[in-house]
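[1] Requesting a structural model of the entry that follows:
(one chain, ligands or ions: 3)
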Amino acid sequence: MIEKRQAISIYDAIARVMKYKVEGDIEWVDIDDADNRYLAEPIRADHDIPPFDRSPLDGYAIKAEDTDGAGRENPVKLEVIETIGAGEVASKIPERGQAVRVMTGTLLPEGTDTIVMFELAREQEHDGKSYIQITRSFSPGDYVSFRGEETEKGQALVERGKCIDAGVKALLATFGYKRVPVRKRPIVGIYATGTELLDVDEPLESGKIRNSNSYMVTTQVRQAGGIPKYYGKLMDDFDTCFNAVSKSLEEVDVLITTGGVSVGDFDYLPRIYEKLGADVLFNKIAMRPGSVTTAAAYNGKLLFGLSGNPSACFVGFELYARPWVQTYIGSSKPYLQRVKATMTKEFLKPNPFTRFIRSKTRFEGDCLTVEPAGLDKSQVVTSLAHTNALAVLPGGSRGYETGTKVDALLLGGEGSTEPLDDRNVKKER
Ligand SMILES: Nc1nc2c(c(=O)[nH]1)N[C@H]1C(S)=C(S)[C@@H](COP(=O)(O)OP(=O)(O)OC[C@H]3O[C@@H](n4cnc5c(N)ncnc54)[C@H](O)[C@@H]3O)O[C@H]1N2
Ligand code: MOO
Ligand SMILES: [Mg+2]
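    Ligands and ions are numbered 1, 2, ... in the order given. Below is the predicted model of the structure:
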């Protein structure tokens, strides 16, 4: 008699996993190594931006009062006493009737209060001196970029938990973070189980297939922010698998296995959890693919038993393992982002469980559309290469027609603070 498993909701399964969430310790990394890590502390402005009054233009720094009453018919003429570029400081203080030629980004010279761009000044030379003619009047402060106009010292700019992307990097550099506080990345052990599995460089033989799951999961772990530690593939032999799993558990923060979690004679993971004395958090979820996805806790560490079927394995990682890894590295948005998208292909096969269709989303005009990335079966591997989202089709007795608006979970990009909630989902018609 095979065991009867109780399917729980996706929401509850995520919650059971996240009971074991931990944040990695803070470590300081070089700014050049901080890409795609998450800020462990907020960024606050420790100085004004800009830090001094400066010229936003290539032009002339003048005193506005020198242009009082200036016009086309009565231009004012100013003597240019010096030329300075960004990074230089004027050596002379202009008197009335004098100007300094400045470049974009230059500290506003003492004694000036206005910038006149080159295009508004007629240059002249005589008696070995330079002059400009200006045919309009200016007010003090015209075209000056003032200290603190963008950001004042003390202002909170980026919250902790934000992914360090190019924009955040620019701020870190602006405020002198040679080293950046981030959270450690978890070590995620990976085993692929299955006597049928060949290595990537082995030729096919009867009854065997190449192991693709461990390569796929390794990349998923890395993209989620973890450090994958691939231990290799295991034959479906209880002692071999048990010894490997219990030994590796000591070396990792979390352990992922693929395969061997269903009810087959050689699906040993359930018995391995039992012999370990691990607490099985769930072994059936009301979803497809990935219904057999299992999680167990042992000594405060999580074990994820992902399905051997590639699509189920992929989805199981994204929904349950990814948020745990993302939380460990300090992301404030560990869950996949949910958007509404319109189906451009029908999906008529009804299913009692919520279905996650490996899909492609794209914009058609201002409409976000979603369609299956390929054949939609748990054992399918080919559609994964074209997947950028999981369309969420709540279970029910009927399928979904073209034009239906459904939720889609985006893979990659900014995540969400909230997990998918399937507890009271009604099928949308
Ligand atoms: N009687 C029942 N049989 C099955 C049930 C069930 O409820 N009752 N559930 C089915 C579902 S749903 C799934 S999903 C699979 C889960 O199987 P396992 O997680 O136990 O995985 P395996 O049996 O080891 O392998 C399944 C399938 O995947 C292939 N595989 C395994 N590892 C890899 C790998 N690393 N790379 C590529 N492909 C892999 C393997 O060859 C099998 O074809 O069980 C159903 N059965
Ligand atoms: O766990 Mo299975 O993937 O539902 O087909
Ligand atoms: Mg099996």
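[2] Near ligand 2, which residues of the protein are found?
    Taking CB under 6 Å from any ligand atom as the criterion, the neighbours of ligand 2 within the chain are R288, P289, G290, S291, V292, S307, N309, A312, S378. Backbone N, C-alpha and C define where each C-beta goes, glycine included.
[3] Assess the claim that the second one and S307 are in contact.
    Yes: the pair P289 and S307 passes the contact test of CB atoms under 8 Å, sitting 7.0 Å apart.
[4] who touches both of those two?
    S378 (CB atoms under 8 Å, 6 or more residues apart in numbering).
[5] Mind checking which of the residues of the chain next to ligand 2 are in helices?
    A312 (DSSP state H).
[6] In strands only, show me the residues of the chain next to ligand 2.
    R288 (DSSP state E).
[7] Distance to M343 added to the residues of the chain next to ligand 2, as CSV?
    Output for the residues of the chain next to ligand 2, formatted as CSV (distance: CB to CB, whole Å):
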residue, distance to M343
R288, 17
P289, 19
G290, 21
S291, 23
V292, 27
S307, 25
N309, 24
A312, 22
S378, 20
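[8] could I get the residues of the chain next to ligand 2 as JSON lines with neighbour count, distance to V17 and pLDDT?
    Formatted as JSON lines, those follow (neighbours: other CB atoms under 10 Å; distance: CB to CB, whole Å; pLDDT from 0 to 100):
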{"residue": "R288", "neighbour count": "21", "distance to V17": "19", "pLDDT": "97"}
{"residue": "P289", "neighbour count": "25", "distance to V17": "18", "pLDDT": "98"}
{"residue": "G290", "neighbour count": "25", "distance to V17": "13", "pLDDT": "98"}
{"residue": "S291", "neighbour count": "19", "distance to V17": "16", "pLDDT": "97"}
{"residue": "V292", "neighbour count": "24", "distance to V17": "15", "pLDDT": "98"}
{"residue": "S307", "neighbour count": "26", "distance to V17": "16", "pLDDT": "98"}
{"residue": "N309", "neighbour count": "22", "distance to V17": "20", "pLDDT": "98"}
{"residue": "A312", "neighbour count": "27", "distance to V17": "16", "pLDDT": "98"}
{"residue": "S378", "neighbour count": "18", "distance to V17": "21", "pLDDT": "97"}
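[9] Near ligand 3, which residues of the protein are found?
    S262, G264, D267 (CB under 5 Å from the ion).
[10] can you list the residues of this structure near ligand 1?
    192, 194, 196-197, 209, 211-214, 258-264, 267, 289, 291-292, 307-310, 312, 378-379.
[11] residues contacting P51?
    Listed by CB under 8 Å, 6+ apart, the contact set of P51 reads R147.
[12] Just give me the closest of the residues of the chain next to ligand 3 to D12.
    Of all the residues of the chain next to ligand 3, D12 sits closest to S262, with 20.4 Å by CB to CB.
[13] I am finished for the moment; much appreciated.
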